[in-house]
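In: need coordinates for the below:
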Amino acid sequence: MFSRDRIQYKTPEQFRRMRAAGLVVAAVHDAMREAVKPGVSTKDLDVLAEKVIRSSGGVPSFLGYDIGNGPYPGSICSSVNDQVVHAIPSPTQVLEDGDLISIDVGAIVDGWHGDAAITLGVGEVAKELTALVSACEEAMWAGIRAAATARRLGDISFAIQTSIQDAGDYGIVTGFGGHGIGTEMHQDPHVLNYGRSGVGPKIRPGMALALEPMITLGEAEIVEDDDGWTVSTADGTPAAHTEHSIAVCDDGIWVLTAPDGGAERLGESLASLARQ
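Out: Got it, this is the predicted structure:
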């Protein structure tokens with residue numbers, strides 16, 4: 001159960017420390033964009049991700065993370081096609097032309113966390129899958145833009161939901177969502193990817209949130225695999241997952257896991273000057 005009374009508010013200096021972790025995560029995603037291709041295994045990607053994290057002065061957030069079902073064995077979650085989130089990297093899961101892969105990664109630098117996810121196409125991808133990824137990414141940015149002017153957390157959730165529904169007939173996964181982030185990877189508040197505006201905790205400077213819509217090409221229902229981690233669509237249709245960690249600053253939003261701090265997508269009126 002999430003409580004608005006347990007939200008961790010950060011100082012500008014703490015946001016700068018979180019930015020260091022965010023840039024490590026961004027570096028991993030850059031490496032993944034280069035490495036994802038047919039014939040590469042998800043374990044290959046995991047090994048590369050850990051190398052980038054550690055060589056950048058970070059520690060993998062996911063490796064050894066335990067929520068009661070045993071420690072997670074990878075540095076990334078590598079979810080392919082109908083796998084929505086939390087799929088474990090494997091040497092036997094080899095990418096093929098036309099696949100989609102969601103790569104979720106977290107890094108810790110000096111005790112502060114960064115967390116972000118991207119969904120990438122492998123080789124030549126069907127147009128409907130490209131549209132799925134675009135809809136998921138735009139929904140994330142709709143939520144980020146809403147955070148700059150939102151009064152309540154529900155305003156962000158409503159913006160994400162509205163963006164998805166405007167993009168097409170996609171399933172909105174309801175069992176998972178975004179979260180607060182800071183000295184722990186998962187903190188209050190829980191951020192739904194759907195809901196009513198005007199409800200929930202007040203949005204105020206000092207909040208750090210990870211926004212992460214998850215959508216499917218079919219129905220929204222999900223199932224958990226026997227490994228205790230991997231979550232897949234119940235109907236076997238492909239899924240997409242995107243995520244950024246953001247800081248709510250006095251003068252706008254700082255996208256901590258985007259190399260440019262969110263300047264290009266948000267514009268000067270919404271992007272915090274803290275990124276400079």
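
In: give the burial count for the nearest residue to Ser157 once chain neighbours are set aside, as a bare number.
Out: Among residues not flanking Ser157 along the chain, Gly195 sits closest, at 3.8 Å (C-beta to C-beta, 6 or more residues apart in numbering). C-beta here means a position set from N, CA and C on the backbone, and glycine is covered the same way. Using other C-beta atoms under 10 Å, Gly195 is surrounded by 18 other residues.

In: can you check Asp44 too?
Out: Residues near Asp44, counting by other C-beta under 10 Å, number 18.

In: what pLDDT is listed against it?
Out: Asp44 is assigned a predicted lDDT (pLDDT) of 98.

In: contact partners for it?
Out: Asp44 sits next to Ala35, Pro91 when contact means C-beta atoms under 8 Å, 6 or more residues apart in numbering.

In: how near is the residue nearest the centre of the chain to Asp115?
Out: Most central in the chain under C-alpha atoms, centre = their mean is Glu243, positioned 2.3 Å from the mean C-alpha point. Distance of Glu243 to Asp115, computed by C-beta to C-beta, to the nearest Å: 7 Å.

In: which neighbours do the two have in common?
Out: Taking C-beta under 8 Å, 6+ apart as the criterion, Glu243 and Asp115 both touch Asp104, Ala210, Thr257.

In: picking that back up, where's the residue nearest to Ser157, which helix or strand?
Out: According to DSSP states H and E, Gly195 maps onto no helix or strand at all.

In: do the same with Thr119
Out: strand 112-121.

In: what ranges in this protein fall below the confidence cut-off?
Out: Segments of the chain classed as low confidence (criterion: pLDDT under 70) are 1-5.

In: quick one, helices of it?
Out: 12-35, 42-55, 127-147, 153-167, 263-266 (DSSP state H).

In: mind checking which of the ones you listed is nearest Glu224?
Out: Closest of the helices of the chain to Glu224 is helix 42-55, at 18.3 Å (criterion: C-beta to C-beta).

In: so for the closest one, what gets flagged as buried?
Out: Buried residues in helix 42-55, counted by 16 or more other C-beta atoms under 10 Å: Thr42, Lys43, Asp44, Leu45, Asp46, Leu48, Ala49, Glu50, Val52, Ile53.

In: okay, the residues you listed in a markdown table with distance to Val122 next?
Out: Formatted as a markdown table, these follow (distance: C-beta to C-beta, whole Å):
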| residue | distance to Val122 |
| --- | --- |
| Thr42 | 11 |
| Lys43 | 15 |
| Asp44 | 13 |
| Leu45 | 11 |
| Asp46 | 16 |
| Leu48 | 15 |
| Ala49 | 16 |
| Glu50 | 21 |
| Val52 | 20 |
| Ile53 | 23 |
